[in-house]
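Q: Sequence first, predicted model second:
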Amino acid sequence: MKNLSIRIKITLWFAIALIIVVSLTYTVILSVSNQVFQKAIKENLIDTVENNTDEVEYFSNINEEDLLDDDNYFISYENGFIEVEDDFLEVVNQVFTALYDSSLALLYGENPIAKGTSSVRLSDSVIQTTRVGGVTYYIFDRALKQEGLEGLWLRGVVAETQGKEEMSSISRLSLILLPILVLFAIIGGYLIAVRTLKPIKQISEAASQIGKGDDLKRRIMIGEGTDELHQLADNFNKMFIRLDLSFEKEQQFTSDASHELRTPMSVIMAQCQYTLEKERTAEEYENALSVIQRQARKMSGLINDMLDFTRLNMKTDRYTFESYNLSESVTSLCTDMAIIREKNIELSYGNIEKGIIYTGNKALLGRALTNLISNAYRYGKENGHIVVSLQRNEASVIISVQDDGVGIAEDEQKKVFYRFYQGDNSRGGIGTGLGLSMVEEIVRFHGGRILLESKKDLGSTFTIILPL
C-alpha cells in the first residue's frame with residue numbers, strides 16, 4: 001500500500017467502501033422485499049377469505065328447477081341447503097379456501113395440507129402458521145355469521161413461498177445490476193481521482209523543477225480556481241516568493257558584509273605590509289598598531305552585529321522574555337547616556353510614564369533605545385536637543401526618540417532601515433550601517449513596529465510601538 005499512488009489508494013478505499021455499502025444494500029433489499037412479500041401474502045389471504053364469505057348462502061328450501069338451472073353448488077345442511085358460488089371453486093393467487101364445520105370436518109373446497117392443519121384450532125380473524133413438509137403455511141379462519149350458517153367456518157391456506165419466484169427474480173436482477181453499477185462507480189471514481197489529483201502532480205513536478213534548478217522565480221500554474229488544491233498552489237507560490245525575497249536579501253547581506261569586511265581587512269593588510277617593508281621607529285610601530293586595532297574593532301563590531309541578526313532571525317532561546325519595569329530601565333539608560341553630551345547636545349527624558357511593566361527582552365530593547373539615542377547624538381547639531389519619552393495606552397507601549405539634527409531626506413527614510421545602508425556624507429562614513437536595521441529587527445522580534453518622521457535639516461523622530 002505504501003508504494004501505491006494516491007489515486008490508486010483513493011480508488012481502492014472507494015471501491016472497498018462501495019462494495020460494503022452495496023452488499024449491505026443488497027441484504028437490506030432482500031430483507032425488506034421478503035417482509036413486503038410476506039405482508040402482501042397475508043393481506044391477500046385475508047382479502048380472499050373475506051371475499052369468499054359472501055359466496056356462501058343458506059336456503060331453507062329450494063326448487064328442483066333451481067338446482068338444475070343454477071351453476072352454483074348446493075350442499076344439504078341441517079334442514080336446508082348451503083349454496084356456494086362457482087367462484088369459490090377457484091384458487092385465487094395460490095390461496096386455497098375451504099368450508100368447515102366447527103369440528104373441522106371439510107364440507108366443501110380444497111385444502112392441499114388438510115392433514116397438516118387438522119391440529120390447528122379454529123380462531124376467528126387471526127392468522128396462524130404451521131409447517132408441513134418443511135414449508136411454512138399461513139392459515140386464516142373466518143366464522144360465518146349469516147342466518148342458517150352458524151357453526152360454519154371458512155379456512156384459507158397459503159404457502160409462505162408464494163413470493164419465492166418474485167424474490168428470486170429480484171435477487172437475480174440485483175446480483176446482475178449491482179456489480180455493474182459498482183464497476184462503473186469504481187471506474188468513475190478513478191477518473192475523478194485522476195482529474196482531481198492532476199493539480200497535485202503539477203505542483204509536485206513544478207516544485208521538483210524549482211528544487212533541481214534553484215529557480216525560485218518559477219511559479220506553479222494550474223489555472224484559475226478557488227478549491228483546496230488551488231489554495232495549496234497559491235500558498236506554494238507565496239512561499240516561493242518569500243523564499244526568493246529571503247534568498248535575495250541573504251545574497252545582498254552576504255555581499256554587503258563581504259564588502260564591509262573587505263575594507264578593514266585591506267587596511268590591516270596594507271598597514272602590515274607597509275610597516276614590515278623596513279625597520280620603523282617605535283612611534284611608527286605604535287601608529288600602525290593603532291590603525292590595525294581600530295580596524296579590528298570595526299570588524300569585531302560588524303561580526304557581532306551580524307551574529308545578532310542571525311540569532312534574531314532564527315528566534316533562538318538566547319533572547320528570553322521576562323516581565324520588568326520598563327519605565328525604570330528607560331530612565332536608567334537615559335541617565336547614563338545624558339552624560340555623553342557629544343557636540344554639547346542635551347538629552348532630556350522628563351516625559352517618561354512611571355510604573356510601566358512590560359514583558360520582553362530587557363537587553364534587546366535597551367540596545368534598540370541605545371542605538372536610537374546614539375544615532376541622535378551622531379547626526380545631531382551643535383548645542384542640539386534629544387527628547388526621549390515613554391507612554392502607555394490601552395493596547396501599546398510607545399517609546400519615542402526625537403532630535404533636531406540634520407534630518408533624513410524623504411527618499412532615504414525607508415532605506416535607512418536597510419542593512420549596511422548609509423546615506424549622504426553628512427550621515428555616512430560612521431558606524432557599520434546596521435544600527436537602525438538592528439532596531440527594526442528587535443522591534444519586530446517583540447511583535448511591534450517602528451515609525452519614522454523626519455525633515456531635512458529639521459530633525460527626526462523615531463517611534464517604537466510595542467503591543468502589551
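A: Received the coordinates, thanks.
Q: rest of the way, CA atoms for contacts and neighbours
A: Will do.
Q: Would you mind stating the distance between residue 305 and residue 416?
A: As judged by CA to CA, to the nearest Å, residue 305 and residue 416 stand 16 Å apart.
Q: burial measure for residue 98, as a count.
A: If you count neighbours by other CA atoms under 10 Å, residue 98 ends up with 21.
Q: Phi and psi next, for the closest residue in space to it that isn't next to it in sequence.
A: In space, and not counting its chain neighbours, residue 98 is closest to residue 109: 4.0 Å by CA to CA, 6 or more residues apart in numbering. Taking degrees, to the nearest 10, you get phi 110, psi -170 for the backbone angles of residue 109.
Q: Domains in the chain, by residue range?
A: Recorded structural domains for the chain (assignment: automatic domain parsing) are 6-167, 228-314, 322-467.
Q: The ones you listed into a markdown table, with extra columns for mean pLDDT and distance to residue 177?
A: Below are those laid out as a markdown table (pLDDT from 0 to 100; distance: least, CA to CA, whole Å):
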| stretch | mean pLDDT | distance to residue 177 |
| --- | --- | --- |
| domain 6-167 | 80 | 11 |
| domain 228-314 | 77 | 35 |
| domain 322-467 | 86 | 64 |
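Q: So for residue 203, which of these sits nearest?
A: Proximity to residue 203 (CA to CA) singles out domain 228-314 among the domains of the chain, at 6.7 Å.
Q: what comes up buried for the host helix or strand of residue 290?
A: Residue 290 belongs to helix 282-314 when assigned by DSSP states H and E. Of the residues in helix 282-314, those buried by neighbour count under the rule 16 or more other CA atoms under 10 Å are 288-289, 291-292, 295-296, 298-299, 302, 305-306, 308-309, 312.
Q: Let me know the secondary structure of residue 193.
A: Of the three states, residue 193 takes helix according to DSSP: H, G, I helix; E, B strand; the rest coil.
Q: Would you mind measuring from residue 460 to residue 386?
A: Using CA to CA, residue 460 is found at 10 Å from residue 386.
Q: overlap in contacts of those two?
A: Residues touching both residue 460 and residue 386 (CA atoms under 8 Å, 6 or more residues apart in numbering) are 402-404.
Q: Looking at neighbours, which among these is most surrounded?
A: residue 403 (28 neighbours).
Q: Please give me every residue in contact with that one.
A: Contacts for residue 403 were tallied using CA under 8 Å, 6+ apart; they are 376, 380, 384-387, 459-461.
Q: Out of those, list just those in helices.
A: Here DSSP state H is the test, and these give residue 376 as lying in helices.
Q: Just give me the closest of the contacts of residue 403 to residue 150.
A: Nearest to residue 150 among these, counting by CA to CA, is residue 461 at 118.4 Å.
Q: Show me what that closest one is bridged to.
A: Partner residues in beta bridges with residue 461, using DSSP bridges, are residue 402, residue 453.
Q: That one and residue 402 touch, don't they?
A: Yes: because the distance of 4.2 Å satisfies CA atoms under 8 Å, residue 461 is recorded as touching residue 402.
Q: just the strands in the stretch 101-250 of the chain please.
A: Taking DSSP state E, counting those that start in this stretch as the criterion, the stretch 101-250 of the chain contains strands spanning 106-109, 127-132, 135-143, 152-159.
Q: Please identify the deepest-packed of these.
A: Most buried of the strands of the stretch 101-250 of the chain by mean neighbour count (mean count of other CA atoms under 10 Å) is strand 152-159; its value is a mean of 25.
Q: Pairing partners for that one, with directions?
A: The partner list of strand 152-159 in its sheet, established with DSSP bridges, is strand 96-101 (antiparallel), strand 135-143 (antiparallel).
Q: on that earlier part again, make TSV out of the strands of the stretch 101-250 of the chain and add distance to residue 345.
A: Compiled in TSV, these are given as follows (distance: least, CA to CA, whole Å):
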stretch	distance to residue 345
strand 106-109	131
strand 127-132	114
strand 135-143	115
strand 152-159	116
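Q: To residue 271, which of these lies closest?
A: strand 135-143 (117.8 Å).
Q: contacting residues around the closest one?
A: Contacts of strand 135-143 from elsewhere in the structure, counted by CA under 8 Å, 6+ apart, are 42, 45-46, 49-50, 53, 122-131, 151-161.
Q: Report the angle between it and strand 127-132.
A: With axes from the mean of the first three to the mean of the last three CA atoms, to 10 degrees as the criterion, the two stretches strand 135-143 and strand 127-132 enclose an angle of 140 degrees.
Q: Phi first, then psi, for residue 409.
A: Torsion angles, degrees, to the nearest 10, at residue 409: phi -60, psi 150.
Q: Isn't it up against residue 456?
A: Yes: counting by CA under 8 Å, residue 456 is a contact partner of residue 409 at 5.3 Å.
Q: and of the buried residues of helix 282-314, the nearest to residue 60?
A: Using CA to CA, residue 312 is the member of the buried residues of helix 282-314 that lies nearest residue 60, at 118.7 Å.
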